[in-house]
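1. pasting the structure only:
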């Protein structure tokens, strides 16, 4: 499967193929014209796939690697100087390439490093988690976290290509398959009722895996369409943030240690839909449909956090434009809209 994100000079291909990780050079050789490639990965992912990737690349390139500890805590702003030092020690130049090998944390971190080191060098995404494959590896948004909130220091840096091998999902802990399903459910909620109905029709994860290539393709294609229309996240692309305003605040509240990104987004989607139903903005029963989908994939629907404790992080949300937060709400499953409001939309006396 092959998709192209059409962004003029920043256009790139997305390849989805089981076993693709065994044939990386076929895709990279036409793109990587320098002499060196630096792989940025985490300790878990690199232990699975690092040697395989390095052996292929070493036939044509001088290859190095930077390994960080797995988890959101490695996407901190203060981790950057050490990574830059390692790139300098490797004598990486502007004609060389960085490869992000890992999940969403590594894609964001490596992409931000590539966007800033030497004022920007080429990078390639090899996402190995479901969440990264269906969402974060596509679209060019890269960032690191600050103590005050998630993704507050970032850039737009498009990869030269994205290589998705669904077989890498076989090494994921089940929790992180569920985590990725939070973003998949999101796509069904905002854009594709048929996809949503398909997701809630499966009776086992084996059934899901049989269709995983098609599910990844559908999510990526939906994101491609939106990114091509709205490159810088001021219009249609805001829809992709459904559940994220609350979700990011929940992640930050727990210092990125209790809920994964997909889990927090699931909570945000459900809780915000409950609120918008009460306001008559969302069709009655929609929130319950979302909860059923979350339950099916063992995703939480409530964090038991007082809203008043989340509002500081929510006020710093990147979707805060002209002192208004652009909440993404649903009319019903498959049909979303942007609702400009402020934090008063969410009653601070309640828990989410």
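-> Arrived safely, thanks for sending. Computed from a predicted structure; not experimentally measured.
2. Which residue, neighbours along the chain excluded, lies closest to the residue nearest the centre of the chain?
-> Compute the mean C-alpha point of the chain, and by C-alpha atoms, centre = their mean the closest residue is residue 136, 2.6 Å away. Residue nearest to residue 136 in three dimensions, not counting chain neighbours: residue 104, with 4.0 Å by C-beta to C-beta, 6 or more residues apart in numbering. Heads up, the C-betas are built off the backbone N, CA and C, glycines and all.
3. ok so, going back, residue 154 versus the residue nearest to the centre of the chain, what's the distance?
-> 12 Å (C-beta to C-beta, to the nearest Å).
4. where do the contact lists of the two overlap?
-> By the contact definition C-beta atoms under 8 Å, 6 or more residues apart in numbering, residue 136 and residue 154 are jointly contacted by residue 108.
5. Tell me the secondary structure of the closest residue to residue 22 other than its chain neighbours, please.
-> In space, and not counting its chain neighbours, residue 22 is closest to residue 52: 7.4 Å by C-beta to C-beta, 6+ apart. When classified by DSSP: H, G, I helix; E, B strand; the rest coil, residue 52 comes out as helix.
6. so residue 52 sits right up against residue 19, yeah?
-> No: in this structure, residue 52 is not within contact of residue 19 by C-beta atoms under 8 Å, at 11.4 Å.
7. Could you break this structure into its assigned domains?
-> Domains of the chain are assigned by automatic domain parsing as 2-171, 184-345.
8. Kindly reformat these as CSV and extend each row with mean pLDDT and distance to residue 351.
-> As requested, these are arranged in CSV below (pLDDT from 0 to 100; distance: least, C-beta to C-beta, whole Å):
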stretch, mean pLDDT, distance to residue 351
domain 2-171, 95, 20
domain 184-345, 89, 5
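9. Rebuild these as JSON lines, extending it with distance to residue 352.
-> Output for the domains of the chain, formatted as JSON lines (distance: least, C-beta to C-beta, whole Å):
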{"stretch": "domain 2-171", "distance to residue 352": "17"}
{"stretch": "domain 184-345", "distance to residue 352": "4"}
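10. From residue 101, how far out is residue 77?
-> Counting by C-beta to C-beta - residue 77 and residue 101 are separated by 22 Å.
11. quick one: secondary structure of the residue of the chain most remote from its centre?
-> Distance from the C-alpha centroid of the chain, by C-alpha atoms, centre = their mean, peaks at residue 59 (31.4 Å). Under three-state DSSP, the three-state class of residue 59 is coil.
12. Excluding covalently adjacent residues, which one is nearest to it?
-> residue 25 is the one closest to residue 59 (C-beta to C-beta, 6+ apart), at 7.1 Å.
13. residues in contact with the one you found?
-> 56, 57, 59, 60.
14. Ramachandran angles for the third one?
-> Phi and psi for residue 59, reported as degrees, to the nearest 10, are phi -70, psi -20.
15. before we move on, the earlier item: closest one to residue 296 out of the contacts of residue 25, please.
-> Nearest to residue 296 out of those is residue 56 (C-beta to C-beta; 38.0 Å).
16. Now for residue 146, how many residues are close by?
-> 15 (other C-beta atoms under 10 Å).
17. so it sits right up against residue 77, yeah?
-> Yes: the criterion here is C-beta under 8 Å, and residue 146 meets it with residue 77 at 5.7 Å.
18. what's residue 23 sitting at in phi/psi?
-> Per degrees, to the nearest 10, the backbone of residue 23 is at phi -130, psi 40.
19. Kindly report the same for residue 163.
-> phi -110, psi 110.
20. Number the residues from 28 up from this point.
-> Right, with 28 as the first residue, what we last looked at is residue 190.
21. Nearest spatial neighbour of it, chain-adjacent residues omitted?
-> Leaving aside its chain neighbours, residue 190 sits nearest to residue 153 (4.9 Å; criterion: C-beta to C-beta, 6+ apart).
22. roughly how far out does the host helix or strand of that neighbour sit from the chain middle?
-> Using DSSP states H and E, residue 153 sits in strand 149-154. How far strand 149-154 lies from its chain's middle: 13 Å, per C-alpha atoms, centre = their mean, to the nearest Å.
23. Which strand or helix spans residue 170?
-> Using DSSP H and E, residue 170 sits within strand 168-173.
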